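**Student:** What shape does this take:
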Amino acid sequence: MKMTGSVIKYGDNIDTDVIIPARYLNTSDHKELASHCMEDIDTTFTSRVKDLLGGFSVIKAFKAEKQAKALFASENGEVEEAKCSRRSFAGMINALSASAGGVVQFGIFIIGAIFAINGKITAGTVILFVNLCNCLIGPISVLPEISHLHLKTIQIS
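**Tutor:** Down below sits the predicted model:
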């Protein structure tokens with residue numbers, strides 16, 4: 001059995017004050033709070049969700065709750081496995097970029113130390129180059145993480 005549905009997607013920085021605005025937190029009535037959900041960014045949100053959930057009565061009418069739960073569990077398991085593999089991949093990328101940065105810095109230090117021992121540069125110049133390398137490697141080491149975030153971002157229409 002395959003199920004399809006709709007997704008309501010909003011941009012970044014959706015915080016709790018957008019989900020339920022603080023001006024309505026003077027009540028503990030769940031129905032009242034639900035009626036104001038997301039209203040600052042989408043005034044039609046509650047009616048759209050009601051329309052989406054209208055299909056639940058169909059599932060109950062056909063006594064397909066067990067099948068729907070099983071399908072949800074299966075799909076959810078696949079999504080969680082994909083998220084786990086992405087996290088693992090991101091960790092590997094971060095470890096490799098940090099290791100490469102360390103190797104580059106150590107190499108610059110060794111080459112600088114050799115030049116300093118031979119009297120071609122001073123120890124202060126070696127420290128300067130190592131710090132300069134750190135200033136270059138810091139921002140560069142963030143690039144794999146940013147590219148990984150960009151790759152996992154999928155626009156849902």
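
**Student:** Residue 140 and residue 132, how far apart?
**Tutor:** 13 Å (Cβ to Cβ, to the nearest Å). Any C-beta I mention is one placed from the backbone N, CA and C, and that applies to glycine too.

**Student:** elements contacting the helix or strand harbouring residue 86?
**Tutor:** Using DSSP states H and E, residue 86 falls within helix 65-117. Helix 65-117 sits against helix 123-152, with contacts defined as 3 or more Cβ pairs under 8 Å, 6 or more residues apart in numbering; DSSP states H and E.

**Student:** go again using 10 Å as the cut-off
**Tutor:** Contact partners of helix 65-117 among helices and strands, from 3 or more Cβ pairs under 10 Å, 6 or more residues apart in numbering; DSSP states H and E: helix 55-61, helix 123-152.

**Student:** Could I get the average pLDDT for the shortest one?
**Tutor:** Per-region confidence: helix 55-61 scores 60 on mean pLDDT.

**Student:** what does the longest one give?
**Tutor:** Looking at helix 123-152 alone, the average pLDDT works out to 78.

**Student:** Let me know the angle separating that helix from helix 65-117.
**Tutor:** Angle of helix 123-152 versus helix 65-117, following axes from the mean of the first three to the mean of the last three Cα atoms, to 10 degrees, is 160 degrees.

**Student:** low-scoring stretches of this protein, by residue?
**Tutor:** Applying pLDDT under 70 to the chain flags the ranges 1-6, 51-64, 144-145, 147-157.
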